[in-house]
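Student: Sharing a sequence plus its predicted fold:
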Amino acid sequence: MKLSELDTPALILDRGRLEANVARMSARARTLGVDLRPHMKTAKSAEVGRLATAGHSGGITVSTLKEAEYFAEHGFTDMIYGVGISLDKLARVARLQARGARVAVITDSLEVARGIGARAAELGARFEVLIELDTGDGRAGLGPDSEVLIEIGQALDGAADVDLRGVLTHAGQSYACVEVADIEAVAETERAGAVAGAERLRAAGLPCPVVSVGSTPTALHARNLEGVTEMRPGVYLFNDVFQAEIHSCAMADIAVSVLATVTGHHRARGEIVIDAGGLALSKDRSTQAGPRDVGYGLVVDAGGARLPELHVARVSQEHGVVTAPSGEPPFDALAPGARVRVLPNHACFTAAAYEGYHVVAGAPGADDEVEAEWPRVNGW
């Protein structure tokens with residue numbers, strides 16, 4: 001099948017760009033001397049996971065237990081479930097482990113830490129746990145200097161069927177940085193906080209073999225990761241317009257896009273309508289606060305070439321309205337029936353609307369062959 005024959009909207013994955021993104025981050029991990037445990041929350045695809053883990057330990061990070069179950073079915077056996085565990089979900093983790101998968105969980109709660117030991121005994125299972133640290137993101141985790149950190153470590157290490165695996169943090173605040181120097185500073189805060197938490201556990205006589213950090217911007221711009229054992233970036237696999245705006249990639253590195261069809265013109269208003277709306281693109285407006293607001297996505301032609309500053313200015317459920325902020329859209333070039341692609345603001349949210357990827361080889365043209373269809377997993 002050719003791109004021009006696909007029903008739209010459709011999710012397109014440029015394999016050449018994906019492979020280049022994988023190679024860049026793999027080289028980065030080797031330079032920094034850490035293992036790469038890619039976060040699969042963006043791609044949610046076994047085919048992408050195999051590319052991303054090649055040459056590394058094979059470990060991955062997941063954001064849902066449904067992802068963990070899917071990846072286990074496809075031969076991935078070393079995972080971190082990167083959302084704070086609730087005790088009711090441990091039965092699913094135990095079932096995964098009974099099938100041969102190693103699934104570590106995380107917590108920042110003393111109450112949960114104590115409960116994990118009790119649930120392990122009830123389920124006849126053994127759980128590996130990392131303590132989540134907050135190194136500035138303010139979302140979840142304990143401060144590296146928190147007294148509760150040691151209490152949690154003791155509760156986990158003292159349980160008969162629990163292994164304290166280490167500490168984990170995520171520098172989500174890097175997404176708010178404008179300059180590379182700011183990202184470098186956040187990366188050092190992330191590294192230093194994770195290492196400090198690990199050293200406090202060890203000083204208390206507790207094990208801490210894993211020191212895990214993660215975010216695409218800090219992985220790319222950290223000056224060093226001394227004391228860290230692994231990093232867990234995720235969106236680098238596909239990249240998006242927001243990542244390009246914060247210096248994580250170039251626009252030419254964006255590997256995923258939404259193929260859409262022009263359905264109408266409103267010349268008096270300077271608008272082109274496409275069949276990709278809020279559900280197909282997501283309503284993420286992450287570029288709004290940055291140097292360039294591209295609405296709900298940057299519009300390129302069907303072959304991936306830039307058009308003159310077109311973006312999706314507004315959306316309803318199934319309609320996208322395309323405008324040219326500095327002039328009139330190319331109405332004649334984009335007649336009804338023409339195809340365009342929309343580069344997403346936030347690849348994770350956009351991809352979540354689709355069951356799979358239409359894969360093209362790279363440097364695509366309007367009639368590029370779709371060489372494969374790769375399924376992805378959604379839901380929880």
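Tutor: That came through, no problem.

Student: Can you tell me how far residue 90 is from residue 109?
Tutor: 13 Å (CB to CB, to the nearest Å). C-beta: built from backbone N, CA, C; applies to glycine.

Student: Can you get me a residue count around residue 267?
Tutor: 10 (other CB atoms under 10 Å).

Student: what's near enough to touch it?
Tutor: residue 331 (CB atoms under 8 Å, 6 or more residues apart in numbering).

Student: quick one, phi/psi of it?
Tutor: phi -60, psi -40 (degrees, to the nearest 10).

Student: Which pLDDT value goes with it?
Tutor: In this model, residue 267 is scored at 95, pLDDT.

Student: where does residue 13 land in three-state SS?
Tutor: strand (DSSP: H, G, I helix; E, B strand; the rest coil).

Student: Leaving out the residues flanking it, which one is nearest to it?
Tutor: Closest residue in space to residue 13, ignoring its immediate chain neighbours: residue 357 at 3.9 Å, by CB to CB, 6 or more residues apart in numbering.

Student: So which bits of stretch 73-87 are buried?
Tutor: 76-77, 79-83, 85, 87 (16 or more other CB atoms under 10 Å).

Student: go on, stretch 46-63?
Tutor: Quick answer for stretch 46-63 (16+ other CB under 10 Å): 46-49, 51-53, 56, 59-63.

Student: and that stretch, how far apart are its ends?
Tutor: With CA to CA, to the nearest Å as the measure, stretch 46-63 spans 14 Å from end to end.

Student: Off-centre distance for that stretch?
Tutor: 13 Å (CA atoms, centre = their mean, to the nearest Å).

Student: try stretch 19-32
Tutor: Averaged over its C-alpha atoms, stretch 19-32 has a centre that lies 16 Å from its chain's centre (CA atoms, centre = their mean).

Student: And the contacts of that stretch?
Tutor: 35-36, 38, 51-52, 54-56, 219-220, 222, 224-225, 228, 231, 233, 236-239, 249, 253, 255.

Student: again, but for stretch 53-72
Tutor: Here stretch 53-72 has contacts from 22, 26, 29, 35-41, 44, 46, 49, 52, 76-83, 89, 92-93, 96, 99-101, 103, 214, 230, 232, 234, 377-380, using CB under 8 Å, 6+ apart.

Student: how about 7 Å then?
Tutor: With contact meaning CB atoms under 7 Å, 6 or more residues apart in numbering, stretch 53-72 is reached by 26, 29, 35-41, 44, 46, 49, 76, 78-83, 89, 92, 96, 99, 101, 103, 232, 377, 379-380.

Student: ok, the residue nearest to residue 152 when sequence neighbours are not counted - contacts?
Tutor: Distances taken as CB to CB, 6+ apart put residue 113 closest to residue 152, at 4.6 Å, once the chain neighbours are dropped. When contacts are counted by CB under 7 Å, 6+ apart, residue 113 touches 107, 152, 155-156.

Student: how about 8 Å then?
Tutor: 107, 129, 131, 152, 155-156.

Student: For residue 18, which three-state class applies?
Tutor: Residue 18 ends up helix, using three-state DSSP.

Student: Quick one: residues contacting it.
Tutor: So residue 18 contacts 48, 51, 237-238, 255 (CB under 8 Å, 6+ apart).

Student: Residue 358 too?
Tutor: Counted by CB under 8 Å, 6+ apart, residue 358 has contacts 3, 6, 10-13, 259, 370, 373.

Student: From those residues, pick the one nearest residue 198.
Tutor: residue 13 (36.9 Å; CB to CB).

Student: For the helix or strand where residue 181 lies, name the packing helices and strands.
Tutor: According to DSSP states H and E, residue 181 maps onto helix 180-203. The contact analysis (3 or more CB pairs under 8 Å, 6 or more residues apart in numbering; DSSP states H and E) places helix 180-203 against strand 127-133, helix 147-158, strand 162-169, strand 210-213, helix 216-221.

Student: Which one of those lies nearest to residue 276?
Tutor: Of the helices and strands packed on helix 180-203, nearest to residue 276 by CB to CB is helix 216-221, at 24.9 Å.

Student: Could you list the low-confidence segments of this structure?
Tutor: Scanning the chain with the threshold set as pLDDT under 70 gives 363-367.

Student: please redo it, this time with the cut-off set to 50
Tutor: 364 (pLDDT under 50).
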